[in-house]
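Q: here are the coordinates; sequence isn't available:
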């Protein structure tokens, strides 16, 4: 099968890195088009042997990009087009139809209750989304929570298929040598209790809650924020005003893959943490929390469908935290007894092994190309007590 993936951009982000990981496991011949920003993930895909084309789209209303995309699809001889992220889904679905490709799949990575990729869910956004959705044959939801949101929006249930985000379990396995090396590289004291936060530095992620919580914790606690974004200067100012600037470390965007760039990669940074915390009140999946569970970390979260959609016993070290900084202070203090020794992956993390997600996506591809209905996944628990994805 020959497939074209169309994505809005290829900077370091959850959807972008998830695409790269999927392409390493999909048994299909895949090319990638990025509408904008051919960043470090584009370089990584190229290093993996994937053909990446930058469409050079100038903005949301650059309609000149549409005929360029149509020509590219027509010339590629693709059996299927798969779109990712809002802008790419709108332009990619339309371009695929104009190019004569009817097997069109779109993944909804980030639909929340009130926003999508940082944009408010206005009636106009919803109407445009639904108009584009009708041009495809299947919409993939990264969690049952997102699938339910799509149904409430008006996407027909028969067009929605749940394919969870996946992780490379081996890459995130705890390694005490890597932990020690990374902490030394970051300049962290041996006795430091490291709280980790991962994600785009955007107001909606509410990393200011963790900075405020840090001010209420003992001086041996540090906060390691992994990610880049427009809120970094504001967060640095918050840390200074709270008197904890010397205990907050900003790493910038870090890839999941060790491509030889400066600084430690994401799995190494997770190894350096003692507890993971996510104060974001609205998530579509919660990939960083699953990666933390794969490294055996206790996880504190305000919203995480990836955990909430599974039985509680699959992630016994995960705790939902409601409230602001004071609630996180109490929850973080409660994890202090966790030893920094050998750590094993939680069952919830094993449920999201990338090989399972890739196999499920190939089922969607095969059914879409053949214009056949996809069998509904069994809701019965697996032998380990975890529902099938």
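A: Everything's here; your move. Keep in mind that what you see is a predicted model, and the values were worked out from it rather than measured. Numbering: from 1, shown residues only.
Q: Packing partners of the helix ranked longest in the chain?
A: Longest helix in the chain by number of residues (criterion: DSSP state H): helix 354-370. Judged by 3 or more CB pairs under 8 Å, 6 or more residues apart in numbering; DSSP states H and E, the packing partners of helix 354-370 are helix 14-23, strand 80-84, strand 104-108, strand 138-141. C-beta: built from backbone N, CA, C; applies to glycine.
Q: Between helix 354-370 and the third one, find me the angle.
A: In terms of direction (axes from the mean of the first three to the mean of the last three CA atoms, to 10 degrees), strand 104-108 departs from helix 354-370 by 140 degrees.
Q: helix or strand right after strand 104-108?
A: Per DSSP states H and E, the first helix or strand lying C-terminal to strand 104-108 is strand 115-116.
Q: Can you report how many residues neighbour residue 106?
A: Residue 106 has 28 neighbours, counted by other CB atoms under 10 Å.
Q: in the longest helix of the chain, what counts as buried?
A: Across helix 354-370, burial judged by 16 or more other CB atoms under 10 Å covers 354, 356-362, 364-365, 367-369.
Q: how about the nearest residue to residue 7 once chain neighbours are set aside, what does it touch?
A: Counting by CB to CB, 6 or more residues apart in numbering, residue 7 lies nearest to residue 84, which is 4.2 Å off, once chain neighbours are set aside. Neighbour list for residue 84: 5-8, 15, 19, 106-107, 109 [criterion: CB atoms under 8 Å, 6 or more residues apart in numbering].
Q: Can you name the residues bridging to residue 84?
A: Beta-bridge partners recorded for residue 84 (DSSP bridges): residue 7, residue 107.
Q: And it, how far from residue 122?
A: Separation of residue 84 from residue 122 (CB to CB, to the nearest Å): 22 Å.
Q: go on, residue 174?
A: From residue 174 across to residue 122, the span is 43 Å (CB to CB).
Q: Residue 273 too?
A: Distance from residue 273 to residue 122, counting by CB to CB: 37 Å.
Q: between those two, which one's more packed in?
A: Neighbours per residue, other CB under 10 Å: of residue 273 and residue 122, the larger number sits with residue 273, 26 against 9.
Q: Confirm for me that the more buried one is in contact with residue 291.
A: No - if you go by CB atoms under 8 Å, residue 273 and residue 291 don't touch, sitting 10.6 Å apart.
Q: Which residues are in contact with the nearest residue to residue 319 once chain neighbours are set aside?
A: Excluding its sequence neighbours, the residue lying closest to residue 319 (CB to CB, 6+ apart) is residue 300, at 5.4 Å. Residue 300 is in contact with 275-278, 318-319, 321, 328, 331-332, 335, counting by CB under 8 Å, 6+ apart.
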